[in-house]
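K.L.:
model this:
(one chain, ligands or ions: 2)
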Amino acid sequence: MRRKWQRVAVLMGGVSGERDVSLRSGSAVSSALRDLGYQVLEVDLGSLAVEQLVSLSSEVEVAFLALHGRLGEDGTVQGVLELLGVPYTGSGVLASALAMDKRMSKRIFRAEGIPVAEDVVITAADVRAAGLRRVAEGIALDLGFPCMVKPSGEGSTLGSSKAVNTEELEEALDTAFRYDDVVLVEKYIQGRELTVGLLGEGPEALPVLEVVASKGIYDFECKYTQGMTQYLVPAPVPEDLAAELQRLALRAHRALGCEGVSRVDFMVDGEGKAYCLEVNTLPGMTELSLVPKAAAAAGYTFQETVERILNTARVKVGRRGAA
Ligand SMILES: Nc1ncnc2c1ncn2[C@@H]1O[C@H](COP(=O)(O)OP(=O)(O)O)[C@@H](O)[C@H]1O
Ligand SMILES: [Mg+2]
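P.N.:
Ligands and ions are numbered 1, 2, ... in the order given. Model (predicted):
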């Protein structure tokens, strides 16, 4: 089959808290593409990202995004690539920005009838006006304990923590506000953690994967330390629950307007009720990451997974239809 592209830039690194993870995704994707015969330009996006993007636009035909977190997964880099007319993998500007903002994506999920955990949204202005103690006491009354505190716009569980009383909640809020001016406090869902990858045109819902984190919460340490987490794929759950999660994942992906690839995270409580936590628009892409693992369970090699994502690349708004 004739390939759409020969020269591919793999964008990685960036300036978010997930920089190191992104470098690992980027180098795994680059090796896979080289093994497939593509000419690969590895680009570690630093503080001169715009200049780097302008210069790669004349050297390559397409950009493969292996960035995670802010200023990479959130629509900003996507916007520059739109302006430059460079086709790129994954979601467009709006879907990327919505998915990165948990407050906004939850609003859309609620409007679409996709189940989410009950929450209270707190802004830095609320804390300035009432003080941390009063805010924490208010949340304790509204939501109760345990609760999960997370910055609205960060990934990899950075700045997130569980609180079981007002003192812990104050501390958790203080931490979360170091990452973002908007913080989500959610009802803690006691149960199992399941995630669904979506891949390629369509997209195809991959087998459900269960994450069993040794610390209970799948935090930064559990995510990136070998042996601290077990991954079960296909997840040992009843068939109807697996099918329901795949359906919900597709709905969440489409509700935000995602493309090419995504991974939708869920908590499922003791009664089997699923809550959608978030959509990751540029999920980890090392060979040990969750989407590649789930794709392997569906019979795709890592190279095939990477190439399927590459094949969905396009300019999403700017030059569409322009001759
Ligand atoms: N409401 C919740 N109840 C229980 N655990 C949660 C809840 N929200 C998040 N978690 C835990 O925290 C982890 C990270 O949360 P998530 O919303 O997926 O954000 P991110 O992965 O972007 O940091 C989840 O994988 C899960 O282990
Ligand atoms: Mg997550």
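K.L.:
how about the residues of the stretch 201-323 of the chain that lie near ligand 1?
P.N.:
Residues of the stretch 201-323 of the chain lying near ligand 1 by C-beta under 6 Å from any ligand atom: 217-218, 265, 267, 277-278. C-beta here means a position set from N, CA and C on the backbone, and glycine is covered the same way.
K.L.:
If you rank these by neighbours, which is first?
P.N.:
Using other C-beta atoms under 10 Å as the neighbour test, those are led by L277, with 23 neighbours.
K.L.:
who touches that one in this structure?
P.N.:
116-117, 265-267 (C-beta atoms under 8 Å, 6 or more residues apart in numbering).
K.L.:
okay if I get the residues of the stretch 201-323 of the chain next to ligand 1 as a markdown table plus pLDDT?
P.N.:
Below are those laid out as a markdown table (pLDDT from 0 to 100):
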| residue | pLDDT |
| --- | --- |
| I217 | 77 |
| Y218 | 82 |
| D265 | 98 |
| M267 | 98 |
| L277 | 97 |
| E278 | 97 |
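K.L.:
which one of the residues you listed is nearest V185?
P.N.:
V185 lies nearest to L277 out of those, by C-beta to C-beta, at 13.7 Å.
K.L.:
did I read that right, the closest one in a strand?
P.N.:
Yes. With DSSP: H, G, I helix; E, B strand; the rest coil as the criterion, L277 is part of a strand.
K.L.:
At the geometric centre of this protein, which residue do we find?
P.N.:
The chain has N280 as the residue nearest its centroid, 1.8 Å off, counting by C-alpha atoms, centre = their mean.
K.L.:
thought that residue was touching A99?
P.N.:
Yes. The criterion here is C-beta atoms under 8 Å, and N280 meets it with A99 at 7.1 Å.
K.L.:
so what sits against both of the two?
P.N.:
73, 262.
K.L.:
Give the burial count for T157, as a bare number.
P.N.:
19.
K.L.:
so what's it up against?
P.N.:
150, 217-220, 223.
K.L.:
now, which of these sits nearest P236?
P.N.:
Of these, the one sitting nearest to P236 (C-beta to C-beta) turns out to be Y218, at 17.4 Å.
K.L.:
Can you tell me the SS state at the closest one?
P.N.:
What three-state DSSP gives for Y218 is coil.
K.L.:
what's the spacing between it and L290?
P.N.:
10 Å (C-beta to C-beta, to the nearest Å).
K.L.:
Now the common contact residues for these two.
P.N.:
Between them, Y218 and L290 share the contacting residues V211, judged by C-beta under 8 Å, 6+ apart.
K.L.:
residue ranges of the strands in the stretch 101-250 of the chain, please?
P.N.:
119-123, 147-151, 161-163, 182-187, 191-199, 204-205, 209-213, 229-232 (DSSP state E, counting those that start in this stretch).
K.L.:
all helices of the stretch 51-200 of the chain, in order?
P.N.:
Listed in chain order, the helices of the stretch 51-200 of the chain (DSSP state H, counting those that start in this stretch) span 76-84, 93-100, 102-111, 124-130, 132-142, 166-176.
K.L.:
For the lowest-mean-pLDDT helix or strand in the chain, output the C-alpha coordinates as CSV.
P.N.:
The weakest-scoring helix or strand in the chain, judged by mean pLDDT, DSSP states H and E, is helix 220-224 (a mean of 79). Extracted in CSV, the C-alpha atoms of helix 220-224 (Å, rounded to 0.1, in the frame of the first residue of the first chain):
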residue,chain,number,x,y,z
PHE,A,220,2.4,9.5,39.6
GLU,A,221,4.6,7.0,41.5
CYS,A,222,2.3,4.0,40.7
LYS,A,223,2.1,5.1,37.1
TYR,A,224,5.8,5.2,36.4
